[in-house]
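S.K.: fold the following for me, if possible:
(one chain, ligands or ions: 3)
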Amino acid sequence: MQVTDLYVSAPGKAILHGEHAVVHGKVALAVSLNLRTYLRLKADTFGKVCINLPNIDTFLSWDLSQLKQLVTYGKRDEVQCLDAELVRRLREFIGVSNGSLDTCSMANLSFLYLYLSLFGSGELPSLTLTVWSELPTGAGLGSSAAYSVCLAAALLCASGAIPPPLKEWEHTARWCQEELELINSWAFQGEMIIHGNPSGVDNAVGTWGGMLRFLAGKIIPLSRVPLLRILLTNTKVPRSTKVLVAGVKDKINKFPSIMVPVLDSVDAISCTCEKVLSEMTCEPITGEHYNILEELIDINQHHLNVMGVGHPALDRLCQVTLAKGLHSKLTGAGGGGCGITLLRPGAFYCAFLNDYVKSNLF
Ligand SMILES: Nc1ncnc2c1ncn2[C@@H]1O[C@H](COP(=O)(O)OP(=O)(O)O)[C@@H](O)[C@H]1O
Ligand SMILES: C[C@@](O)(CCOP(=O)(O)O)CC(=O)O
Ligand SMILES: [Mg+2]
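M.R.: Ligands and ions are numbered 1, 2, ... in the order given. Okay, the predicted model is just below:
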């Protein structure tokens with residue numbers, strides 16, 4: 001089977017409010033970043049599938065004849081849950097245990113899962129896939145989702161399920177809503193392999209971009225939002241979303257009467273933030289709007305510490321920025337990774353920021 005060469009890309013994201021709580025059915029507000037993951041798919045004739053992942057030093061290839069033995073059915077259309085048997089066979093094939101957090105194994109597993117699910121036991125195409133990113137891997141900016149969205153979009157195009165992103169005579173093109181939903185649902189499968197129990201907010205931002213409200217799988221684009229200046233700081237402390245999400249679940253199971261109100265409070269923070277943002281688009285922006293946004297950031301950061309996903313490096317970010325009157329919280333899964341700091345309009349902060357924050361700025 002011959003496929004056509006193509007390029008796709010997907011953005012990373014920052015969660016303003018609602019990380020972790022969103023996994024348990026609460027509201028999250030998230031926005032796409034101008035840091036993207038890019039994928040190039042090239043057709044080959046060597047009877048192999050090759051994957052080049054320079055960000056994680058992974059360059060691998062598999063013979064199509066080996067891969068064919070792993071599937072026993074046709075293309076999968078049902079994309080609500082993972083095919084546990086295929087995951088088990090793939091784990092055995094690449095030699096990775098169920099509890100493994102190895103970056104490279106997770107990236108390979110999600111790629112092979114999507115490739116084999118989308119092409120099935122029919123004719124498997126020989127291709128080389130190269131994926132590279134401007135996003136830091138494993139730092140809370142949704143690199144796993146941007147990776148999964150790129151894989152899903154490229155492999156769906158290659159399998160003919162959706163049209164190619166650009167035709168020769170077009171300068172820009174858009175997939176229709178139905179096609180984007182298909183990309184999103186397959187990207188969610190990739191996230192399930194990497195995260196274990198994702199909410200779906202990251203792959204939704206990776207697929208649609210912009211700012212959105214996410215609640216239990218329901219995606220509402222927020223088109224009327226004020227321009228906010230947000231500083232991203234990477235503590236460079238490595239962590240795994242999968243481990244952090246599982247830790248929060250354990251805590252909820254252990255102390256339901258203590259943790260459920262915390263999740264409800266995060267939900268209320270997201271809703272209040274959404275309301276303030278909407279007010280800021282229809283009335284003159286005042287210092288009071290910023291005061292509320294800053295208080296919400298502080299309260300949420302405390303809640304995230306209660307959930308057990310803080311880190312001394314994130315505390316340091318909060319202290320250093322607060323000394324300059326700025327408010328910060330972690331973004332994404334926490335445990336290290338990145339934090340966001342809200343900047344007020346019209347001020348030049350950079351010169352005042354401590355070396356700790358300056359050296360970790362994007
Ligand atoms: N550019 C990339 N190339 C290959 N794999 C990637 C890339 N970006 C992310 N991944 C996969 O996503 C995992 C990180 O996901 P996660 O822990 O959720 O962090 P993040 O906050 O960046 O999404 C990596 O271990 C890797 O398997
Ligand atoms: C913690 C969580 O809310 C966001 C995780 O984001 P990231 O993988 O750390 O970029 C998990 C999820 O929503 O699936
Ligand atoms: Mg992730």
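S.K.: alpha carbons only for contacts and neighbour counts from here, please
M.R.: Will do.
S.K.: just the strands from the stretch 51-200 of the chain, written as ranges.
M.R.: Listed in chain order, the strands of the stretch 51-200 of the chain (DSSP state E, counting those that start in this stretch) span residues 58-63, 127-133.
S.K.: what's the angle from the longest one to strand 58-63?
M.R.: By that I understand strand 127-133. 160 degrees (axes from the mean of the first three to the mean of the last three Cα atoms, to 10 degrees).
S.K.: residues touching strand 127-133, excluding its own?
M.R.: Strand 127-133 is contacted by residues 3, 35-45, 48-55, 143, 147 when judged by Cα atoms under 8 Å, 6 or more residues apart in numbering.
S.K.: got the residues of the stretch 1-150 of the chain near ligand 2?
M.R.: Within the stretch 1-150 of the chain, the positions near ligand 2 by Cα under 6 Å from any ligand atom are 19-20, 22-23, 140-142.
S.K.: count the neighbours of the nearest residue in space to residue 137 that is not next to it in sequence for me.
M.R.: Distance criterion Cα to Cα, 6 or more residues apart in numbering; nearest residue to residue 137, sequence neighbours excluded, is residue 143 at 5.7 Å. For residue 143, the count of nearby residues is 26 (other Cα atoms under 10 Å).
S.K.: just to check, residue 143 is in contact with residue 136?
M.R.: Yes. Contact criterion Cα atoms under 8 Å: residue 143 and residue 136 qualify, at 6.9 Å.
S.K.: burial measure for residue 284, as a count.
M.R.: When neighbours are counted by other Cα under 10 Å, residue 284 registers 8.
S.K.: state the distance from it to residue 278.
M.R.: Separation of residue 284 from residue 278 (Cα to Cα, to the nearest Å) stands at 11 Å.
S.K.: cool, and residue 252?
M.R.: Applying Cα to Cα to residue 252 and residue 278 gives a distance of 32 Å.
S.K.: likewise residue 120?
M.R.: As judged by Cα to Cα, residue 120 and residue 278 stand 46 Å apart.
S.K.: helices or strands up against the top strand by length along the chain?
M.R.: For the chain, the strand that runs over the most residues, judged by DSSP state E, is strand 28-43. Secondary-structure packing of strand 28-43 (3 or more Cα pairs under 8 Å, 6 or more residues apart in numbering; DSSP states H and E): strand 6-17, strand 127-133, helix 143-159, helix 201-208, strand 211-215, helix 256-282.
S.K.: with ligand 3 as the reference, name the closest of these.
M.R.: Evaluated over these, closeness to ligand 3 peaks at helix 143-159, with 4.2 Å, by Cα to the ion.
S.K.: which segments of this structure make up each domain?
M.R.: When the chain is parsed with automatic domain parsing, its domains come out as 6-221, 229-359.
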